[in-house]
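Novice: no FASTA, just this:
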């Protein structure tokens, strides 16, 4: 039994190590990289994807693969619209900077000096009133607001107003409120951009879509980039296990309501490397400058530095049924945009992005030395040992069994089964978020590392074998007691 337990914990440790490992990438040429894209898409069970690639300030290519809806034939094209989730935030940020620059409004202006807050707003404390949050603090995620996310509303459901969202007057939502002092620390929250949307709509007296069109989309000829409040012709989102998702709508457009194709967003990407950006050189320099002591964030992006010193800025988008990602390398004026129509898209992004880094910088993101091959070897070995042990005990059972199972026998037999069912229920269903937020949203397993399913498989296998193993030992002990 001790040897069995030692093998088990060794396997679980190795699986955890392998689950957290970054996918290994070999150095690829550009042509090899392009050839690999559809293979990665199929390996990760993603129905469709679109990619835009920029290098040395020039568009290299826009590529599309797969289908817009699983089981259908309509292909993804470079003009297919995808929900881009939180990529709405940097796009909105550019338009806001253009507007405030035009109006001469400093970014450190408290929002209470610009507009009256929405009816029912939680005003915070006397020491830290909500009205004192500045535009810049909302823009850079230093507002101190709670980390609220937005699930969207399915077609056929009444689409609430932005004010309903801000006051938390929706099932499972909470009102926008402070949890820390503004300016104290970086805390990512979609609520900040919902508040910015409210400020803009109140200041300009117009819809958010028309504001975005005037201050960003029209000047850059981005007609196919949309912030709709109704259904549009777009790729269909797919859940983690492949289920088709409805086209959710978001009253919080600035935070999560962006629809774009890969081709449509190219002018926005190129603008980051322009010698004459529409927002001006000073604001462009501000966008890529650090806003924290640890140098992990710029006003609109996260900032990361690879082991050999390559710096890149990144933003990601997560809406139900969609995953998106964009990254910028200022030094080489390179950029990549990845749009996918599946909750499994982040696994695909984990393949595509490191490979692209290798293509444009020759810097590889390498993997941990523990590989899936060794994990599967140990899984096989521990399974063989435990199954063999259970079989030996079962063969040694006498023919006469106890007439009535004891409570101990029942407990020993059932606890591994209960554990396995509980594990599947917790990690691989949406019940947890449904209970917390009152709606079906995501399953926890999809936010875990790529090989998390291996860990789940090992745990389920262990529980089943443990049930057989302990049941055999218990039966043998009970029979011997009866015979004696």
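Specialist: Looks like it came in fine. All figures in this text were calculated on a predicted structure; none of them were measured in a lab.

Novice: residue 296 reaches residue 303, doesn't it?
Specialist: Yes: counting by CB atoms under 8 Å, residue 303 is a contact partner of residue 296 at 5.8 Å. Where you see a C-beta, it was placed from the backbone N, CA and C, and this is true even at glycine.

Novice: which of those two has more residues huddled nearby?
Specialist: Applying other CB atoms under 10 Å to residue 296 and residue 303 shows that residue 303 carries more neighbours, namely 18 against 13.

Novice: sec struct for that one, please.
Specialist: Under DSSP: H, G, I helix; E, B strand; the rest coil, residue 303 falls in the strand class.

Novice: list the contacts for it?
Specialist: Each residue near residue 303 by CB atoms under 8 Å, 6 or more residues apart in numbering is listed here: 290, 295-297, 311-313.

Novice: over to residue 314. Which of the three states is it?
Specialist: Assignment for residue 314 (three-state DSSP): strand.

Novice: need the residue closest to the centroid of this protein.
Specialist: In the chain, the residue lying closest to the centroid (CA atoms, centre = their mean) is residue 318, at 4.8 Å.

Novice: just the element for the residue nearest to residue 274 when sequence neighbours are not counted, please.
Specialist: Nearest non-adjacent residue to residue 274, counting by CB to CB, 6 or more residues apart in numbering: residue 284, 7.7 Å away. According to DSSP states H and E, residue 284 maps onto helix 281-287.

Novice: elements contacting that helix?
Specialist: Here helix 281-287 touches helix 88-103, going by 3 or more CB pairs under 8 Å, 6 or more residues apart in numbering; DSSP states H and E.

Novice: okay, buried residues for the helix it packs on please.
Specialist: Buried positions in helix 88-103, judged by neighbour count with 16 or more other CB atoms under 10 Å: 88-101.

Novice: between these, which is nearest residue 32?
Specialist: Nearest to residue 32 among those is residue 90, at 30.2 Å by CB to CB.

Novice: how about the contacts made by the residue lying closest to the closest one once chain neighbours are set aside?
Specialist: Counting by CB to CB, 6+ apart, residue 90 lies nearest to residue 300, which is 4.2 Å off, once chain neighbours are set aside. Counting by CB under 8 Å, 6+ apart, residue 300 makes contact with 89-90, 93-94, 139-140, 287, 315.

Novice: at 7 Å what do you get?
Specialist: Residue 300 makes contact with 89-90, 93, 287, according to CB atoms under 7 Å, 6 or more residues apart in numbering.

Novice: tell me the mean pLDDT for stretch 131-144?
Specialist: Across stretch 131-144, pLDDT averages out at 93.

Novice: how far does it stretch from start to finish?
Specialist: 12 Å (CA to CA, to the nearest Å).

Novice: and if you look at stretch 100-117?
Specialist: Stretch 100-117 end-to-end distance (CA to CA) = 19 Å.

Novice: in it, what's buried?
Specialist: Buried residues in stretch 100-117 (16+ other CB under 10 Å): 100-101, 107, 111, 114, 117.

Novice: now stretch 33-46
Specialist: Within stretch 33-46, the residues that count as buried by 16+ other CB under 10 Å are 33-34, 36-37, 40-41, 44, 46.

Novice: so how far is it off the chain centroid?
Specialist: 19 Å (CA atoms, centre = their mean, to the nearest Å).

Novice: outside of that stretch, which residues touch it?
Specialist: By CB under 7 Å, 6+ apart, stretch 33-46 touches 28, 49, 51, 63, 65-66, 242, 340, 342, 344-345, 347-348, 351-352, 355-356, 359.

Novice: could you rerun that using 6 Å?
Specialist: The contact list for stretch 33-46 (CB atoms under 6 Å, 6 or more residues apart in numbering) reads 49, 65-66, 340, 342, 344-345, 347-348, 351, 355, 359.

Novice: next step: those residues restricted to strands.
Specialist: The strands, defined by DSSP state E, take in 49, 65-66, 340 from these.

Novice: biggest separation within these, which pair?
Specialist: The widest separation within the ones in strands among the contacts of stretch 33-46 (CB to CB) is 9.9 Å, between 65 and 340.

Novice: joint contacts of these two?
Specialist: residue 49.

Novice: give me the more crowded residue out of these two.
Specialist: residue 340 (33 against 20).

Novice: wait, isn't that one in contact with residue 323?
Specialist: Yes: with contact defined as CB atoms under 6 Å, residue 340 reaches residue 323; the gap is 4.9 Å.

Novice: tabulate the buried residues of stretch 100-117 (a markdown table), appending distance to residue 217.
Specialist: Listed next are these as a markdown table, based on distance: CB to CB, whole Å:
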| residue | distance to residue 217 |
| --- | --- |
| 100 | 17 |
| 101 | 17 |
| 107 | 22 |
| 111 | 24 |
| 114 | 23 |
| 117 | 28 |
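
Novice: now the two most distant members of those.
Specialist: Longest span within the buried residues of stretch 100-117, CB to CB: 101 and 117, 24.4 Å.
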